[in-house]
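> Would you be able to build a 3D model of this:
(chains A and B)
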There are 2 protein chains.
Amino acid sequence: MTDTASPTIKYYWEDLPVGTTIELGSLTVDRAEVIDFASKYDPQPFHLDDEAAARSMFGRLAASGWHTCAMVMGLMARNFLQQSSSLGSPGLEKLKWLKPVYPDDTITLRQRIIESRPMNSRPDVGLVRTLWEAFNQHGEQVLMMDGYGMFRRRTPGAAAPEAPV
Amino acid sequence: MTDTASPTIKYYWEDLPVGTTIELGSLTVDRAEVIDFASKYDPQPFHLDDEAAARSMFGRLAASGWHTCAMVMGLMARNFLQQSSSLGSPGLEKLKWLKPVYPDDTITLRQRIIESRPMNSRPDVGLVRTLWEAFNQHGEQVLMMDGYGMFRRRTPGAAAPEAPV
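Residues are numbered from 1 along each chain as shown, chains lettered A, B, ... in the order given. Modelled structure (predicted):
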């Protein structure tokens, strides 16, 4: 690991001040993948079977909430983290499954930085708190997550930048 | 949907008072599955490639945190929710990835009910708040989640049971 900025990294901790909003793209939910994911990780009838789903609170076959998180993570990784100095995440402060996600839905993801500070224990790392919001093709919010990410700093040990007004 | 108790359902809302602790079993993490999950949903080098992982904070190839959640959900669904009147979850209050999860680790899951109340808006449904704790084979806690679940009630509209002392 080097402290010299890499030309392939667009986002170091310093490049993510409070207020930064990044559109993370969209994806279309695949029906076979909904069933495959649920078979492995969330085998509840409303994620697996049309008839059982029709009788459930979802009304029709719906993706596992964890599948929604995984799909959204795919957008985050491909459209942001791969171009960043990410060092992983210690966790989330909140996760809300707000609306069901159905096969053939198109999900769009946006993130906004809501807090940022250097990590006192590691002068080469900064902590960022992010709000993620995912919407379906009807403009309904289906998911919110509020959590932390650690990013290597461009300039270790420097003071935190001012948040934009 | 019927309000009559089903013989195949072991856990209605009334059967999950505060303090209830349930062991949800264990699983062993499969290396090929770690890479497959990361390829689809979390393509970061330390989840995909041994050399990149060796240079990362994980030290060696580690599972995506979302894969850990998905695997734990599998235990929860197979060893609890399938025998319950679960109506899904509105979300989590907290999620912490406490330690890396590696291929061949054995993960054991336990849940404890920490809050319980009837849903005012739906007399046939109760809300339960649960703490999930997952440990590896060394006894180290790798994951904590604190979140809500909705369960159909055995007796709609009855008062909440007293919590055990």
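> Across the sheet, point out what pairs with the residue lying closest to A:L92 once chain neighbours are set aside.
Leaving aside its sequence neighbours, A:L92 sits nearest to A:G147 (Cβ to Cβ, 6 or more residues apart in numbering or on different chains; 3.5 Å). In this view, the C-beta of every residue, glycine as well, is placed from N, C-alpha and C. Counting by DSSP bridges, A:G147 forms beta bridges with A:L92, A:T130.
> show me what contacts A:G147?
A:G147 makes contacts with A:89, A:91-95, A:129-130, A:132, B:95, as judged by Cβ atoms under 8 Å, 6 or more residues apart in numbering or on different chains.
> My read is that A:M76 contacts A:Q111, right?
Yes: at 7.2 Å, A:M76 counts as touching A:Q111 under the criterion of Cβ atoms under 8 Å.
> any shared contact partners between these two?
A:24, A:132.
> Which of the helices or strands spans the residue most central in space within chain A?
Chain A has A:M73 as the residue nearest its centroid, 4.7 Å off, counting by Cα atoms, centre = their mean. Secondary structure from DSSP states H and E places A:M73 in helix A:65-79.
> and that helix, what other elements does it pack with?
strand A:21-28, helix A:31-41, strand A:91-97, strand A:106-118, strand A:125-135, strand A:141-152, helix B:31-41, helix B:65-79 (3 or more Cβ pairs under 8 Å, 6 or more residues apart in numbering or on different chains; DSSP states H and E).
> Contacts made by that helix with the rest, please.
For helix A:65-79, the surrounding residues in contact (Cβ under 8 Å, 6+ apart) are A:24-27, A:29, A:33-34, A:37-38, A:41-42, A:47, A:63, A:95, A:97, A:101, A:107, A:109, A:111, A:132, A:134, A:142-143, A:145, B:37, B:40-44, B:64, B:66-67, B:69-70, B:73, B:88-89.
> Endpoints of stretch A:83-103, how far apart?
Start to finish, the residues bounding stretch A:83-103 are 29 Å apart (Cα to Cα, to the nearest Å).
> So which bits of that stretch are buried?
A:84-89, A:91-93, A:95-97, A:99-103 (16 or more other Cβ atoms under 10 Å in any protein chain shown).
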